[in-house]
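Participant: My questions concern the predicted model and sequence given below.
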Amino acid sequence: MKKTIILLLSISLLLGSKVFAQASKSLTIESYYKVKWGYADEFISLWKKNHYPLLKKLQEKGDIISIKAETPILHSSEDSRWDFKVAVTFKDEHLALDYSIVDPFKKQLFPDQAAYRQAEQHRFELVISHWDVLVEAVDLP
């Protein structure tokens with residue numbers, strides 16, 4: 001009986017430490033934006049003005065490890081076209097999926113909340129479609 005309890009406790013500790021290790025694993029989210037034709041530059045400008053500062057605050061705080069933004073050099077077919085991609089690597093999965101982590105910085109960075117909301121609404125009016133892809137690195141030999 002004592003051996004069974006010790007075995008169960010050992011397994012619980014092992015599983016618990018594995019769950020904890022997984023919980024602290026970084027997570028990268030790639031966000032793709034397909035924007036109305038002719039409005040990509042305006043969208044990117046608004047993104048840089050209104051969303052990037054929030055991500056930078058999270059990076060300064062240590063919640064975000066890296067931020068990378070890209071645009072395609074050439075456009076593909078309309079059905080697979082995207083105009084702007086942002087890859088954000090969060091310190092852990094919990095932070096990556098907690099959309100409220102930017103809330104404390106919104107009022108600090110944008111005291112005129114009405115203007116901020118209006119600009120963000122306009123930014124999303126320019127979007128035809130948006131999708132997020134959670135990605136992980138593949139170990140290569």
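Facilitator: The structure has been received and is ready for your questions.

Participant: For the protein, which segments count as strands?
Facilitator: For the chain, the strands defined by DSSP state E occupy 27-35, 64-70, 84-90, 127-135.

Participant: Would you reformat those strands as JSON lines and include distance to residue 113?
Facilitator: Every residue, glycine included, has its C-beta placed from N, CA and C. Shown next, in JSON lines, are the strands of the chain (distance: least, CB to CB, whole Å):
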{"stretch": "strand 27-35", "distance to residue 113": "23"}
{"stretch": "strand 64-70", "distance to residue 113": "23"}
{"stretch": "strand 84-90", "distance to residue 113": "23"}
{"stretch": "strand 127-135", "distance to residue 113": "21"}
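
Participant: These: which one's closest to residue 105?
Facilitator: Residue 105 sits nearest to strand 64-70 of all the strands of the chain, at 11.9 Å, using CB to CB.

Participant: May I have the closest one as PDB, with CA atoms only?
Facilitator: Output of strand 64-70 as PDB, limited to C-alpha atoms (Å, rounded to 0.1, in the frame of the first residue of the first chain):
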ATOM      1  CA  ILE A  64       6.200  39.100 -25.500                       C
ATOM      2  CA  ILE A  65       9.500  37.700 -26.700                       C
ATOM      3  CA  SER A  66       9.400  38.900 -30.300                       C
ATOM      4  CA  ILE A  67       7.400  40.800 -32.800                       C
ATOM      5  CA  LYS A  68       7.900  40.500 -36.500                       C
ATOM      6  CA  ALA A  69       5.800  42.100 -39.300                       C
ATOM      7  CA  GLU A  70       6.000  41.200 -43.000                       C
END
